[in-house]
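*Asks:* A predicted structure for the sequence below; I have some questions about it.
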Amino acid sequence: MTDDRISPVPRLAPPRDAPQAVTVMLEHIETSWQLARPYADDLAQHFYRLLFTLAPSARELFPVSMQADNGRVVRALLRALRLVHRPDDLVPLLKQLGRDHRKFGLRPAHYEAAGTALLGSLKHCLGPAWTPEVERAWAEAYTLVARVMQDATAQAEAEGTTPAYWTGTVAEHHRLSWDLALVRVEPDEWAVPYRAGQYLSVEVPQRPRLWRYLSPANAPRPDGSLEFHVRAVEGGWVSPAVVGHTRPGDVWTFGAPLGTLGADRESGRPVLMVGGGTGVAPLQAVVDDLGRWVDNPEVTFCYGGRHWDDLYALDQLSGLAAVNPWLTVWPVVERFDDTGPIPGVEQGTPAEAVARWGPWHEHDVLVSGPPEMIEETVAALLGTGVHPSRINYDPFLSA
Ligand SMILES: NC(=O)C1=CN([C@@H]2O[C@H](COP(=O)(O)OP(=O)(O)OC[C@H]3O[C@@H](n4cnc5c(N)ncnc54)[C@H](O)[C@@H]3O)[C@@H](O)[C@H]2O)C=CC1
C-alpha cells in the first residue's frame, strides 16, 4: 500500500475550502513530492545524515541500528506536511503528537534541525526542480506543523498535570494463539489517562527506542491496568519480541494517548463497529466502556479474521452481547477450513460483509484493523451511501 491510497487522518469534519495561498502551497508540495518520491530511500538516508550532523543529540532518540527505524520518522513527517490543507483533521492529531513527543524531551533546536534536514534532503533529491517557490512551500508547511506540535508540548508542560511519559510493569503475558499474545501491564506510579478507543506509543525493554503504537483492549480501569493484544508480524522488529520474549516484571514505557475513536452515546444514532484482526482492540475497549451503562445506542459489531481461529476475542464479545441487548456481534472470516461453513459466521472480508449487509447511512461507523482493511471498508461504506463525516478511523501517523 502506498501512503496515497489511504488518508492517514480520518475525515471527521467536512473539508473546508482552503485559502488560495494554501492551495498554491499544496500544489508545489504535491508536484515536487511526486518527483522526489522514487528517491524516498535516498531522501531518508540524507535526512538522517543531515539531522545527526546538525543536532548530534538527536541520534540518541533513535535505535542503535537505523535499519530498524526504516525511515519511519521522515515518512510520517512528509505525510503530515502533505495534509496542511486539512487543518480541521490535522491540527487535533498534531496536538496529540506534540504531547506524545514530550517523551523524547525534544527542544526547539531539534525541530529546527529536523526542518533544515528535511528541506536539505528534498533539495538533494529534486535537483533543478527545487525552485524558490517549492522551497517556500515546504518551509511554510513544516513551520505550521512544527509550531502546532511545539505549542502543544509547551502547553502540556505549563499545565504540569501529566508526566512526559508513563511506565508500567508487565503482570501477565500469555499466548492466545501461536503468534498472538495478551499482555497485561500495571501502572508503576500514575495510570495512563487515556479514553477507551485511543492508542498509545509503547517502548518495550527488548527493543529500546523502537516505539510502536498499540491500543489498550480495555476501557480505563480503577487499578489503571492495560491489556494489549499483539500479533507477531513476520520480519517485524518489535512484535515478535513482545510475543516471544516479554516476561512478567518487564517495564514498558508509554507516551501520551492519541486518537479519536469513540462512540457518541448522546447522538441517538446507531453505531457500526468494524474490527479486523488485532485491530479489534480499540473497539473492544469502546464496547467495554459502553458496558458501564444500561442505555446505549444499538451497536452492530462486525469482527473479521482471515480464519476462524483468528477470532480470538469472539468469546468475550459474544459474552458481552449475551448480557447487553444493545450489542450484536457478527463474525466474518475470509476462508473456512476443511470442515466447511460455520453457522452464524459470514464469509468474506469485513468490507465485503458491510457492503452486503447495509444500509448504514444512519449509523456512526468506527473502523479499525490493517490499513488495507480500513481502506477497503471505508470505500465499501462510501459506496453504500454513508457520509464520510460519519466514518471514523485512526491514523498511525508516526512513532
Ligand atoms: N494491536 C493493536 O492494538 C492494534 C492493531 N491495529 C492494526 O490492526 C492490524 C491487525 O493485523 P492482523 O491481526 O494481522 O490482521 P489480519 O491481517 O489477520 O486481518 C484482519 C482482518 O482484515 C482483513 N483484511 C486484511 N487484509 C485485507 C485486505 N488487503 N483487504 C481487505 N481486507 C483485509 C481480513 O479479512 C481480516 O478480516 C495491524 O495492521 C495493526 O497495526 C490497529 C489498532 C490496534
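*Replies:* Looks like it arrived, so ask away.

*Asks:* Now this protein against the ligand: closest residue?
*Replies:* Ranking the residues of the chain by distance to the ligand (CB to the nearest ligand atom) places residue 277 first, at 2.1 Å. All C-beta spots, glycine's among them, are computed from the backbone N, C-alpha and C.

*Asks:* Excluding chain neighbours, what is closest to that residue?
*Replies:* Closest residue to residue 277 apart from its sequence neighbours, by CB to CB, 6 or more residues apart in numbering: residue 369 at 5.7 Å.

*Asks:* Can you report phi and psi for the one you found?
*Replies:* phi 160, psi -160 (degrees, to the nearest 10).

*Asks:* Now for it: which residues touch it?
*Replies:* 274, 275, 276, 277, 279, 280, 304, 350, 377 (CB atoms under 8 Å, 6 or more residues apart in numbering).

*Asks:* Mind checking which of the residues you listed are in helices?
*Replies:* 350, 377 (DSSP state H).

*Asks:* any idea which of the contacts of residue 369 has the most stuff around it?
*Replies:* residue 274 (32 neighbours; other CB atoms under 10 Å).

*Asks:* Excluding sequence neighbours, find me the nearest residue to residue 124.
*Replies:* residue 46 (5.1 Å).

*Asks:* burial count for the one you found?
*Replies:* 20.

*Asks:* tell me which element it is part of?
*Replies:* Using DSSP states H and E, residue 46 falls within helix 40-54.

*Asks:* buried sites along stretch 171-190?
*Replies:* Of all the residues in stretch 171-190, those buried under the rule 16 or more other CB atoms under 10 Å are 173, 176, 179, 180, 181, 182, 183, 184, 185, 186, 187.

*Asks:* quick revisit: quick check: the residue of the chain closest to the ligand touching residue 370?
*Replies:* Yes: assessed by CB atoms under 8 Å, residue 277 is found in contact with residue 370 at 6.3 Å.

*Asks:* So which residues of the stretch 251-399 of the chain form strands?
*Replies:* Secondary structure of the stretch 251-399 of the chain (DSSP state E, counting those that start in this stretch): strands located at 251-254, 271-276, 299-305, 327-333, 346-347, 364-368, 391-393.

*Asks:* just checking, what packs against the third one?
*Replies:* Packed against strand 299-305, as judged by 3 or more CB pairs under 8 Å, 6 or more residues apart in numbering; DSSP states H and E, are the following elements: strand 271-276, helix 281-290, helix 314-323, strand 327-333, helix 350-357.

*Asks:* a markdown table please, covering the ones you listed and showing mean pLDDT and distance to residue 196.
*Replies:* Converted to a markdown table, these look like this (pLDDT from 0 to 100; distance: least, CB to CB, whole Å):
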| stretch | mean pLDDT | distance to residue 196 |
| --- | --- | --- |
| strand 271-276 | 98 | 12 |
| helix 281-290 | 97 | 4 |
| helix 314-323 | 96 | 13 |
| strand 327-333 | 97 | 14 |
| helix 350-357 | 96 | 21 |
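
*Asks:* Tell me which of these is the most buried.
*Replies:* Mean neighbour count, computed with mean count of other CB atoms under 10 Å, is highest for strand 271-276 among these, reaching a mean of 28.

*Asks:* That one relative to helix 350-357, how many degrees between them?
*Replies:* Angle, strand 271-276 to helix 350-357, by axes from the mean of the first three to the mean of the last three CA atoms, to 10 degrees: 150 degrees.

*Asks:* So that it lines up with my notes, have the first residue be 59 from now on.
*Replies:* Yep, numbering from 59; the last one is strand 329-334 now.
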